[in-house]
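Q: no sequence on hand, only this structure:
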């Protein structure tokens, strides 16, 4: 029978898998302390009397079209705990943890045009030093006082915020919002219209190490757009909402998830259990490891949210799947009436009927409008689209940076923030987020003589090993070629000669654990841990097993390249450790990380310097 070893202490848990309907859920039972979840209520990952014959990390690969399920949250406290972790995970994956400095926006608002019911102005915002965001500001005409505001991030339409066709019209949306009494701000995705200093698709392997990519830049631009709108004298800062479709829908619910200033939102044609958004600007490495869009969208609860769906895209199941699942979160707050959903028999769109559904919902919650005539869309005369560009007959300010300069500035700011971080807990937590690692409070084991298989209940991982009983401080030994090679190493021989308890493991994709793993999925690391991150997790699981067998200090020995894995495992481990890992040939450069320890976000988390600061006293 598999054995269970429980660590009675509440442990730090950096994340847990939200899986497809084909998989068991790892949603944890409720726990009172943020980020500290117990696995005590989870079932053993067992088949009959044996642990799984295969490692689920090789056979169950999450991707853009994995059918996800919403975990069950039984209490509001349990959900709030999960929400707090999700917010940190999203921000870190975006490169926004720690948050970049909010430097002055130097907002330029100019070239005002008056239509019958509103005014339209061009806007340039300096969201980072030398990086400019373009947009248009729509305001009610001849309407003094403070107004609610609506932010409108756009989707992947050809003309972005200036798209004006039956399936989507940014100008019609902006003008009708202004006519109804809102201040509306529409701005560009990166690589669109006025916002061209960065391409729309970027995020090389090196950039991924620093969490620098289009998703994070767009989320940052959305936060700065909210800063701008909040600062306007004619805006009520307590009544700011967000509505966008498709890729703009992703921006809508992620902004609402991480910024409490959003008072209401309407993600359109996007929140789905069967599709996560196919563009790199909607997926940052690590963002959806053990997470899905239903949870992220639910993070605005209990504030008002409208889900707008279409029969002709991936939101076709909204009324029977996503809406009921998210409504359960609202029920935890006693506010199920604050979420609504509507579906149209239409292709992927943000057409007039969808926009009118948003006007009606926002009107009820932001303007106390109940008369449908007041929220019906009027056909407005759209200005010449090229005349609405902020950079029409104008160039960027002289301090505008190039793409390489913006990335270099990002790296420099990241290094400065690391230098300014004195908290060991903060450093450890950022590394945990980069690695998507957890300290297991249970370890299941299947012994057969000296041979043993370890697993975390509910996780589906499988770690072959050899456990040799002994006396004194237990040692976990990891070799890049697996436990057979480790057993021949002189360091292992010395431990065994001393009669010490020794655990040798085949860490992920080493020794007998080598197995096919399909890494061809688009944006693979957006949904799955890298091989090196999985190896760190296996070392943590092995340490937990050894510690539960013999509470007290555990020695961790990393041989050769496995010394790097051991270094980072020791950095995030919460138990007393003695570390023996020679990494003298590894200096923590970008190219060394790509070759020897490829984990997106690891440099944003402080890289080798962060790990060494945390392990300095363990040698």
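A: Great, that's in hand. Note that this is a predicted model, so its numbers are computed, not measured. Numbers count the residues shown, from 1 in each chain.
Q: where in the protein is pLDDT low?
A: Confidence mapping of the chain against pLDDT under 70 gives the ranges 1-51.
Q: 80 instead?
A: Judged against pLDDT under 80, the low-scoring parts of the chain cover residues 1-52.
Q: and residue 112, how many neighbours?
A: For residue 112, the neighbour count with other CB atoms under 10 Å is 11. Bear in mind the C-beta positions are built from the backbone N, C-alpha and C, glycine included.
Q: could you find the closest non-adjacent residue to it?
A: residue 121 (4.9 Å; CB to CB, 6 or more residues apart in numbering).
Q: and if you look at residue 456?
A: Spatially, and ignoring its direct neighbours in sequence, residue 456 is nearest to residue 440 (4.6 Å; CB to CB, 6+ apart).
Q: looking at it, that neighbour is touching residue 544, isn't it?
A: Yes. Applying CB atoms under 8 Å as the test, residue 440 and residue 544 come out as touching, 5.0 Å apart.
Q: ok now the host helix or strand of residue 325, how far from the chain's centre?
A: Following DSSP states H and E, one finds residue 325 within helix 322-332. With CA atoms, centre = their mean, to the nearest Å as the basis, the distance from the averaged C-alpha position of helix 322-332 to the chain average is 21 Å.
Q: got the domain boundaries for the protein?
A: Recorded structural domains for the chain (assignment: automatic domain parsing) are 3-61+422-615, 108-380.
Q: for the residue sitting furthest away from the middle of the chain, give its distance to residue 594.
A: When distances to the mean C-alpha position of the chain are computed (CA atoms, centre = their mean), the maximum falls on residue 497, with 46.9 Å. Taking CB to CB, to the nearest Å as the measure, residue 497 falls 39 Å from residue 594.
Q: quick one: list the elements packing against whichever strand or helix holds residue 176.
A: Secondary structure here is read from DSSP H and E; on that basis residue 176 sits in helix 170-180. If you count contacts as 3 or more CB pairs under 8 Å, 6 or more residues apart in numbering; DSSP states H and E, helix 170-180 packs onto strand 118-128, strand 131-140, strand 147-153, strand 164-165, strand 183-187, helix 352-362.
Q: of these, which is nearest residue 561?
A: Each of the helices and strands packed on helix 170-180 was checked against residue 561 via CB to CB, and the shortest separation belongs to strand 118-128, namely 36.8 Å.
Q: the inter-axis angle of the helix holding residue 176 versus strand 131-140?
A: Computed by axes from the mean of the first three to the mean of the last three CA atoms, to 10 degrees, the angle separating helix 170-180 from strand 131-140 equals 40 degrees.
Q: could you check the angle strand 147-153 makes with helix 170-180?
A: Interaxial angle of helix 170-180 relative to strand 147-153 (the same axes, to 10 degrees): 170 degrees.
Q: touching helix 170-180 from outside, list them.
A: Helix 170-180 is contacted from outside by 115, 117-120, 136, 138-141, 150, 152, 154, 157, 160-164, 184, 186, 243, 350, 352, 355, 359, 363, 367, 369, 374-375, 377-380, 382-383, 385, 388, using CB atoms under 8 Å, 6 or more residues apart in numbering.
Q: buried among the residues you listed? Make that a PyMOL selection.
A: Restricted to buried positions by 16 or more other CB atoms under 10 Å, the PyMOL selection for these reads:
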select buried, resi 115+117+118+119+120+136+138+139+140+150+152+154+157+160+161+162+163+184+186+243+350+352+355+359+363+367+369+375+377+380+382+383+385+388
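Q: which residues touch the closest residue to residue 333 other than its chain neighbours?
A: The shortest distance from residue 333 to any non-neighbouring residue, by CB to CB, 6+ apart, is to residue 302 (3.7 Å). With CB under 8 Å, 6+ apart as the criterion, the residues that contact residue 302 are 330, 333, 334, 335, 338.
Q: can you show me the strands along the stretch 351-500 of the chain?
A: Per DSSP state E, counting those that start in this stretch, the stretch 351-500 of the chain has strands spanning 442-448, 451-455, 463-468, 475-478. These are given in chain order.
Q: who does the last one pair with, and is each partner parallel or antiparallel?
A: The one in question is strand 475-478. Looking at strand 475-478 with DSSP bridges, its partner strands are strand 502-505 (parallel), strand 554-558 (parallel).
Q: will you turn those into a markdown table that also has mean neighbour count and distance to residue 286?
A: A markdown table is the format used below for these (neighbours: other CB atoms under 10 Å; distance: least, CB to CB, whole Å):
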| stretch | mean neighbour count | distance to residue 286 |
| --- | --- | --- |
| strand 502-505 | 26 | 24 |
| strand 554-558 | 25 | 24 |
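Q: so which bits of the helix holding residue 325 are buried?
A: In terms of neighbour count (16+ other CB under 10 Å), helix 322-332 has its buried residues at 322, 323, 325, 326, 327, 328, 329, 330, 332.
Q: same question, stretch 604-612
A: Taking 16+ other CB under 10 Å as the basis for neighbour counts, the residues of stretch 604-612 that come out buried are 604, 605, 606, 607, 608, 610, 611.
Q: quickly find the element holding the first one.
A: Put plainly, it is residue 604. Taking DSSP H and E as the definition, residue 604 sits outside all helices and strands.
Q: for it, what are its contacts?
A: Applying CB under 8 Å, 6+ apart, we find residue 604 in contact with 92, 95, 209, 210, 211, 212, 414, 430, 434.
Q: from residue 116, how far out is the nearest residue to residue 114 once chain neighbours are set aside?
A: On the basis of CB to CB, 6+ apart, the spatially nearest residue to residue 114 that is not a chain neighbour turns out to be residue 141, at 6.5 Å. Counting by CB to CB, the gap between residue 141 and residue 116 amounts to 8 Å.
Q: overlap in contacts of these two?
A: Where contact means CB under 8 Å, 6+ apart, no residue is in contact with each of residue 141 and residue 116.
Q: quick check: residue 450 vs residue 464, distance?
A: As defined by CB to CB, residue 450 lies at a distance of 12 Å from residue 464.
Q: the two: which is more packed in?
A: Residue environment comparison for residue 450 versus residue 464 gives the larger neighbour count to residue 464, 21 against 12, counting by other CB under 10 Å.
Q: give the contact list for the more buried one.
A: Taking CB under 8 Å, 6+ apart as the definition of contact, the neighbours of residue 464 are 451, 452, 453, 483, 505, 506, 511, 512, 513.
Q: ok, and the most crowded of these?
A: For those, neighbours tallied by other CB under 10 Å; top is residue 505, 30 neighbours.
Q: which non-adjacent residue is nearest that residue?
A: residue 465 (4.2 Å).
Q: from residue 477, how far off is that neighbour?
A: From residue 465 over to residue 477 the distance is 10 Å, taken as CB to CB.
Q: overlap in contacts, the two.
A: Among the neighbours of residue 465, those also in contact with residue 477 (CB under 8 Å, 6+ apart) are 483, 503, 504, 505.
Q: pretty sure residue 341 is touching residue 315, no?
A: No. Counting by CB under 8 Å, residue 341 stays clear of residue 315, with 9.4 Å between them.
Q: neighbour count winner among the two?
A: residue 315 (29 against 19).
Q: about what we covered before: check which helices and strands the helix holding residue 325 is in contact with.
A: Applying 3+ CB pairs under 8 Å, 6+ apart, we find helix 322-332 packed against helix 76-93, helix 293-298, strand 305-312, strand 339-347.
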